[in-house]
Every structure is written in C-alpha cells, then in structure tokens.
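**Student:** Got a predicted structure here, sequence first:
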Amino acid sequence: EKHSILMINHNKVLKFVCLFAFLALVHTRSPLDWEEATTTREYYLLMTTHTDSVTCTASLQWENFMGDWYDADNKLNGDLPFTSITAKQSNKVWLEFDVVDIVDNWVNDVYRNQGFLLKGIGLVEDSCCSNFVIDTHSRNHGDSSTHPQLVLVVDGEEIVLDATDDTHLTTCTYKAQGLEDIIKINYLTDTQKSNEPTCNLCGSSSKIPENLENRALYKFDLNEYDTVTNATLRIYAETQYGGGGSIDIGVFRAASGVGESDNRCGPVEDYGLSKQYPNDQNIEDHPDVIFAERFETESWYKNWTEASGRESGKIVLVDDTFSSFSYEKLQGKSLQILMKKDEHYGTSMSYQFLDKIGEEPEEIYYRYYLRFGDDWSMDVSGGKLPGIAGTYGKAGWGGRPIDGTDGWSARGGYDISLPEGHIFEKTTPIASYVYHLDGNGNYGEILNWNKGFLGFLKTNRWYSIETYGKMNTPELNDGILRGWIDGKLAFEKTDLKWRTIDTLKIENIWMNFYHGGDSVIQHDMHAYIDNVVISKSYVGPLNDGTEAILDECEFEYVAGEDSEDADGADGADNLDDEDNFDADNASNGENCGTMCVLHLFVLIIVSLLFI
C-alpha cells in the first residue's frame, strides 16, 4: 500500500510525456522555417486556407526564385558548395555526401538548422538531354528502406536519422511537391537556359523554359545532439535520365526567412512626432500635421470630404459604454464600421487635399488605429483597407488600368483570415494594394506587409497602421511606399512608378473598407478606426509618454541573419558578429528571462491536467 501511493499509471506518464513534447514542438514553431507541404519555387511557406485557396499576403517568399542558401564561404546564394559528388548515369544507387562541416555548425548553434539544399552545379559531359534529371526517393516513398538518411557518428556510435521534411523546388509548377514520392534534381546548361530547342522535360516537347531546374531540400532533427564526429547525407537515386554524361551535385545550407526575425513583440522602433504629444493630445498643433481626427463629436464627418455609410448605419460612433464584439475603447469614442452580409462596402471616406488645403502633396504620411471585432473572419476573399490615391475618377481602381497620365492608387488590403493549424492562425494578413505602371494586368498588385512578420493582425486588439507615400519622378522608378505597424517597419518598396507626368499627385487619403473582388461578405463583421493623423512627417504610434505598447511574444526564438562576411568554415570566428545566429540566440536568451521559465511552467501545468 505504501508503494501504491507513489505509483503513477505508466499510461498516464506516457500521455504526459507525449503531450508535453507536442506542446513544446508547437511552442517552438517558427515562421522562419520551410515546411515540405507548403514549400514551392516562390514561397517557403505557401499559405492556404480551409477552402484550399491560396492566401497571397500570408505566403512567405524566398528572397531568390527557386530557393535560398548559404555556400561554404557563407555567401547568400553563393556558388561554392560545402561538398559535391559526381553522379554518373546509373539507376538504383545511393548517393552519399560528407556533410560533417554543416552539421557540426548546426549542433553547436553556430547557424540555425534549416536543412540541406542540393542542386546541380555542372555537367561533366554536355549533350542534348544531358540536363540529366535524377529521380530520388522522398521520405513519403512506399519503400521506407530507401528514404533519405543522415548518418551520424556520435561518441563512436553510428546513428541513422530519417528526414523530418523533404521536397524539391521546380520551375515546372507553382505547386508544392513535398508530399510526392519522388524528389528531382537536375542541372541546365547555358544552352538550355538560353531557351534553345532541347529534349522533352516538364511537358515541353521542343523547348525548356529559361532556368527550368529542380532543387532538393532535406531537413533532419538534430536537437538531441551537441557534437558529431562524422555526418553523411544519403539519398537513393532510383532513375537517372539523360543521354550519357554525368552531373555534379552540390550541397548548401538552406536559408528560408533570410534576414527576418519575429518582430511582433519588443519596443517601438520610432515614435516620431507623436512622442511630443502623449495620447495624441493637441497633436494637430504640430506644424507638420495637416489633419487629426479622434471621432469625439457627432459632427466629425464634416471634417472629411466624403463619409459614406452614415445614412445606412454602417458607420456609427461608439463609446466606452459599448461592449459588443469584445470592443474596448482606444480613447474616448471610435468609429465602428459594419461589413454587412451579402454586400461589399463598409465605408468609403476620403480627405481630398485640394478641397481641404488647396494643394495636392508629392509625399504624405498618414496614421490611423485599426481594430477588428471578434466577429471578423474573412472566409472567401480579401478586400481593401485605407490608403492613399490619385485616381481622379479615371483610373487606378475597380479594374481600371493606369497609363501614367490618368491615375494611380495605393490602398491597403486584407486577405482571407487564417484558420487553426497555420503558424499565424486566427489572424488576418494585410498588405498594400497598388495600381502602378509595372503591375500586371488590369488590376492592382498585392504587396505584402510581412517584414518582421508584423502584418498578421489579431481580432480584439488595436493596431497603429501608418503609411508613407512619395510620388515617383516622372518616367523614373523611384516612388516610395512604406508601412509601419505599432511603430515598426512592416513594408518598404522604393522603386515604384505611378506616373509619367508631374500633374498626377496625391489626391486624397482614401479610408476604404471594401470586400472583394467579386465575392460578397459571408456574415456581418465589424471593424473600428480611431486617431487618424495626416502629416508631412512621420507620426508614430500613440503613447502615454512612458513606454511602448507590446504584443505577446508568440515565438521566443529570434533567428539572426547570417553574415555574408562571416567565415563559414569556422563558427567560432563568427560569434562576435551581431548578425550571427549564435549571437542572436544568446541575446534572445537574455531577453527571454522569466518569460521562458513561465512558458515552461505553463506547459508542465497544462500537461499535468491530462494525467
């Protein structure tokens, strides 16, 4: 009986261990890492929703079409492989690569483990069809004995690891290949890249599209190891196509999320002129401020050129007595916008510069606060948010293309809300929706606000949204568009071309809430805006004169950008580089402090509830 008091059912212990491991895994997911099911030639995370439609603004792009990597000199997308082999024309053979240098840096936390990238780097013999495509077995192949392997030697013991993710990037299709049985690798000659007639590949009977290639990605879990004496990557080549010749295959460090870190928590980077006016009080007195609106009076609409939706009740003032849709005030009153079922419009408000100040500017800043109610969930389509424009009633919206003399626009935009299971689940991604001369077709181009992963907005939270727009010099690509969320840079593009004549300027601030496209809203939804400021200089987020408004740190790990100047062969030499992985990881540990301990405690408590 004494022993039974201390006895714990082994099934419950197993359940505890499994649940704890699962929660820890979820906790450490990072938007910096590629995943096999969502990795394509353009995106390392291609976001789709439960409707299987692609969510463009939530898809995280490679810096380089067909993937990014670091070479043996630690140069981004460089040419020097860590190791390479020559694969000759033969079938059903193992291809083996000595990758101990890469793995040693990973297990010692010199660089973030984002897996291997394999690509063709040359042909020993060059002839028609010597593009030499190799079909290798993926981890999803029916024969588990031929799955990709990473063979380690640790303390004299050989350990064989299976891949956790693998896929190949191909210019043949925009679709992800990570669930296929076969992973392809090939190399194109300069002749083939020049689009000369060649052999049948990827459905082309006469020509291969320029730069048509297949590159492989493999990832292995090395978290249990802090030292290795040997490491060999093994992939099984089932079939090798090509009329003779051999291909050289090089191994590189995969590098998704290049130059990024999760910047959604932490201090405001720049308060701007708002720092001089705590809580925006009297901010309109600043000489650079053109307009400030806090929606505190019933006659607020008289300050605007247009404010549609008042008569129908789609836009109304709410105060601190209002509590529907989990509303909480920012300051005093706010403007509620109803996005009504089976309709498109919430509101279309505008501040016309010529009407209000007698001239149209070449550049402008505008800041507003945005809150999505708890009923906000876009299921079938995205839509439009406030922005800047100069359509002049002629071009730059609604499928009206621009020609450089008739109009332009740069509204904000939102996409389909992301469902449970995504790394940004239950958020709405935002963007700029821009009609410019280098855009495609008759419609605007979506420019994602994904820098620092800031542009994924939750419901029931106020966000400071600020945009800067500067017109391009006529005929030149030097127009500027920047976006900040909570005082942190979320988007920047400095090569826009809107106009070819100098009479096109910034006509208005367009406070537009519109659903679609063609699709209508599926159910009533509410959004709120407040504290609009239009200025000649950067405004910055609302503050109380003391400290920043912070978001939750959902991802404790912050990955550093690998330095192109670092010595890739010797990780110890890199530890003083501020952009180095290990330095950033150490810094993050210092900042994490009690938060990491708290998260660990919560994981344990939640897990114990299941015992």
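**Tutor:** That came in fine, so what should we check first?
**Student:** how many other residues sit next to His344?
**Tutor:** Look at His344: counted by other CB atoms under 10 Å, it has 17 neighbours. Placement of C-beta: from N, CA and C, glycine included.
**Student:** my read: it touches Phe513, true?
**Tutor:** No: using CB atoms under 8 Å, His344 is not in contact with Phe513; the gap is 9.6 Å.
**Student:** what's the overlap in contacts for those two?
**Tutor:** Taking CB atoms under 8 Å, 6 or more residues apart in numbering as the criterion, His344 and Phe513 both touch Gly383.
**Student:** Tell me how far the nearest residue to Tyr301 once chain neighbours are set aside lies from Tyr365.
**Tutor:** Leaving aside its sequence neighbours, Tyr301 sits nearest to Ala307 (CB to CB, 6 or more residues apart in numbering; 4.1 Å). Distance, Ala307 to Tyr365, by CB to CB, to the nearest Å: 21 Å.
**Student:** now Gly122
**Tutor:** From Gly122 to Tyr365 the distance is 51 Å (CB to CB).
**Student:** Show me the beta-bridge partners of the residue nearest to Tyr301.
**Tutor:** Beta-bridge pairing for Ala307 (DSSP bridges): Met349.
**Student:** Gly122 and Tyr365 - which one has more neighbours?
**Tutor:** More crowded of Gly122 and Tyr365, by other CB under 10 Å: Tyr365, with 26 against 14.
**Student:** Test my guess that the more buried one contacts Gly540.
**Tutor:** No: the pair Tyr365 / Gly540 is not scored as a contact, 9.5 Å apart, by CB under 8 Å.
**Student:** Overlap in contacts, these two.
**Tutor:** Glu466.
**Student:** which residues pair with Thr428 across the strands?
**Tutor:** Beta-bridge pairing for Thr428 (DSSP bridges): Leu457.
**Student:** Make residue 1 into 40 and carry on from there
**Tutor:** Done: numbering now begins at 40, and the last item shifts to Thr467.
**Student:** tell me the contacts of it?
**Tutor:** 411, 415, 417, 453-454, 456-457, 495-496, 498.
**Student:** In helices, which of the residues you listed fall?
**Tutor:** In helices, judged by DSSP state H, none of the contacts of Thr467 are found.
**Student:** Among the residues you listed, which one lies nearest to Val149?
**Tutor:** Phe495 (29.9 Å; CB to CB).
**Student:** what's around Glu332, how many residues?
**Tutor:** Glu332: 21 neighbours (other CB under 10 Å).
**Student:** Leaving out chain neighbours, which residue sits closest to it?
**Tutor:** Val571 (4.3 Å).
**Student:** tell me the secondary structure for that neighbour?
**Tutor:** Assigned by DSSP: H, G, I helix; E, B strand; the rest coil, the conformation of Val571 is strand.
**Student:** Do I have it right that it meets Ala331?
**Tutor:** Yes: using CB under 8 Å, Val571 makes contact with Ala331 at a distance of 7.0 Å.
**Student:** Looking at the two, which is more packed in?
**Tutor:** When Val571 is set against Ala331 and neighbours are counted by other CB under 10 Å, the residue ahead is Val571, at 24 against 20.
**Student:** about what we covered before: out of the contacts of Thr467, give me the two with the largest separation.
**Tutor:** Asp454 and Thr498 (14.8 Å).
**Student:** the more surrounded of the two?
**Tutor:** Asp454 (26 against 20).
**Student:** Settle this for me: the more buried one is touching Ala97, isn't it.
**Tutor:** Yes: judged on CB under 8 Å, Asp454 makes contact with Ala97 at a distance of 6.2 Å.
**Student:** anything in contact with each of the two?
**Tutor:** Common neighbours of Asp454 and Ala97 (criterion: CB under 8 Å, 6+ apart): Pro468.
**Student:** contact partners of stretch 326-342?
**Tutor:** Residues contacting stretch 326-342 (CB under 8 Å, 6+ apart): 312, 319, 322-323, 343, 346, 349, 356, 370-374, 390, 395-396, 403, 568-576, 578.
**Student:** Narrow those to those in helices?
**Tutor:** 395-396.
**Student:** Restricted to buried residues, select the contacts of stretch 326-342 in ChimeraX.
**Tutor:** Per 16 or more other CB atoms under 10 Å, the buried members of the contacts of stretch 326-342 correspond to this ChimeraX selection:
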select :312,319,322,343,346,356,370,372,373,374,390,395,403,568,569,570,571,572,573,574,578
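**Student:** which phi and psi does the residue nearest to Leu535 when sequence neighbours are not counted have?
**Tutor:** Using CB to CB, 6+ apart and skipping the chain neighbours, the partner closest in space to Leu535 is Gly518 (3.4 Å). Dihedral angles of Gly518 (phi, psi; degrees, to the nearest 10) stand at phi -70, psi 150.
**Student:** again with Thr79
**Tutor:** Torsion angles, degrees, to the nearest 10, at Thr79: phi -130, psi -180.
**Student:** How about the one 3 residues further on?
**Tutor:** In terms of degrees, to the nearest 10, the main-chain angles of Tyr82 are phi -130, psi 140.
**Student:** and it, how many residues sit next to it?
**Tutor:** By other CB under 10 Å, neighbour count at Tyr82 equals 21.
**Student:** about what we covered before: now, which of the contacts of Thr467 sits nearest Ser183?
**Tutor:** Out of these, the member with the shortest distance to Ser183 (by CB to CB) is Leu457, at 33.4 Å.
**Student:** Can you give me the pLDDT of the closest one?
**Tutor:** Listed pLDDT for Leu457 reads 87.
**Student:** Also Ile519?
**Tutor:** What the model reports for Ile519 is a pLDDT of 98.
**Student:** And for the one 5 residues further on?
**Tutor:** With respect to pLDDT, Ile524 has a value of 96.
**Student:** With Cys635 instead?
**Tutor:** 39.
**Student:** Trp447 is in contact with Gly429, isn't it?
**Tutor:** Yes: look at Trp447 against Gly429 with CB under 8 Å: they come within range, at 5.3 Å.
**Student:** More neighbours: those two, which one.
**Tutor:** A count of neighbours by other CB under 10 Å puts Trp447 above the other of Trp447 and Gly429, at 32 against 27.
**Student:** Could you pull up the contacting residues of the more buried one?
**Tutor:** Neighbours of Trp447 in contact, by CB under 8 Å, 6+ apart: 428-430, 434-435, 441, 474-475, 537-538, 543.
**Student:** From these, which land in strands?
**Tutor:** 428, 474 (DSSP state E).
**Student:** My guess is Trp488 contacts Thr466. True?
**Tutor:** No: with contact defined as CB under 8 Å, Trp488 does not reach Thr466; the gap is 12.0 Å.
**Student:** Among these two, which residue is more densely surrounded?
**Tutor:** Under the criterion of other CB under 10 Å, the comparison of Trp488 against Thr466 puts Trp488 first, with 26 against 18.
**Student:** Look at the residue nearest to the more buried one when sequence neighbours are not counted and say how many residues are nearby.
**Tutor:** Residue nearest to Trp488 in three dimensions, not counting chain neighbours: Gly494, with 3.2 Å by CB to CB, 6+ apart. When neighbours are counted by other CB under 10 Å, Gly494 registers 27.
**Student:** Run through the residues that contact Gly494.
**Tutor:** 96, 468-470, 487-488, 522, 524, 529-530.
**Student:** Report the beta-bridge partner residues of the closest residue in space to Thr78 that isn't next to it in sequence.
**Tutor:** Spatially, and ignoring its direct neighbours in sequence, Thr78 is nearest to Thr206 (5.2 Å; CB to CB, 6+ apart). Assessed by DSSP bridges, Thr206 has beta-bridge partners Leu256.
**Student:** Double-check Thr206 against Ile221; I have them as touching.
**Tutor:** No: between Thr206 and Ile221 there is no contact under CB under 8 Å: 10.6 Å.
**Student:** So the two - more neighbours on which side?
**Tutor:** Taking other CB under 10 Å, Thr206 and Ile221 do not tie; Thr206 has more neighbours (28 against 15).
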